[in-house]
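*Asks:* Mind looking at a prediction? Sequence and model below.
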Amino acid sequence: MSLKPLGDRLIVKATQAEEKTAGGIVLPDSAQTKPQAGDVIAIGPGKQLDNGKIVPMDVKVGDTIYYAKYGGTEVKVGGEELIILRQDDVLAVVEK
């Protein structure tokens with residue numbers, strides 16, 4: 001990958017939006033909700049405090065996370081859609 005996140009940022013590959021409802025109704029693109037879960041593919045070194053100390057990240061590469069609905073910035077790299085988030089936008093880590 002050609003992206004390296006800085007500070008307390010992480011790069012996430014979002015999961016695919018649901019194309020069908022639980023009842024089997026196929027949803028058009030305009031009715032699909034934006035996914036709020038994804039897999040972490042890169043992390044920065046951590047947040048730097050005012051005293052120069054770096055707080056390590058709580059998530060690691062390979063974790064599946066849930067993030068804030070309107071958090072992050074969507075970017076397209078090599079035909080792949082990715083999201084750059086701050087660690088503060090991460091709501092939960094899925095335990096496996």
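*Replies:* Okay, I see it.
*Asks:* in this structure, which spans are strands?
*Replies:* For the chain, the strands defined by DSSP state E cover 9-14, 37-43, 47-48, 54-55, 64-67, 73-77, 80-86, 90-93.
*Asks:* Please identify the most buried of the ones you listed.
*Replies:* Mean neighbour count (mean count of other C-beta atoms under 10 Å) peaks for strand 9-14 among the strands of the chain, with a mean of 22. For the C-beta atoms, the positions are set from N, CA and C on the backbone; glycine is no exception.
*Asks:* would you turn the strands of the chain into JSON lines with distance to S2 and mean pLDDT?
*Replies:* JSON lines is the format used below for the strands of the chain (distance: least, C-beta to C-beta, whole Å; pLDDT from 0 to 100):
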{"stretch": "strand 9-14", "distance to S2": "11", "mean pLDDT": "92"}
{"stretch": "strand 37-43", "distance to S2": "10", "mean pLDDT": "93"}
{"stretch": "strand 47-48", "distance to S2": "23", "mean pLDDT": "90"}
{"stretch": "strand 54-55", "distance to S2": "24", "mean pLDDT": "92"}
{"stretch": "strand 64-67", "distance to S2": "22", "mean pLDDT": "93"}
{"stretch": "strand 73-77", "distance to S2": "6", "mean pLDDT": "91"}
{"stretch": "strand 80-86", "distance to S2": "11", "mean pLDDT": "92"}
{"stretch": "strand 90-93", "distance to S2": "23", "mean pLDDT": "92"}
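*Asks:* which one of those lies closest to I25?
*Replies:* strand 37-43 (21.5 Å; C-beta to C-beta).
*Asks:* now for the closest one, which elements pack on it?
*Replies:* Where contact means 3 or more C-beta pairs under 8 Å, 6 or more residues apart in numbering; DSSP states H and E, strand 37-43 is packed against strand 9-14, strand 64-67.
*Asks:* so how far is stretch 54-70 off the chain centroid?
*Replies:* 7 Å (C-alpha atoms, centre = their mean, to the nearest Å).
*Asks:* which residues sit against that stretch?
*Replies:* 8, 10, 12, 34, 36-49, 83, 85, 87, 89-94, 96 (C-beta atoms under 8 Å, 6 or more residues apart in numbering).
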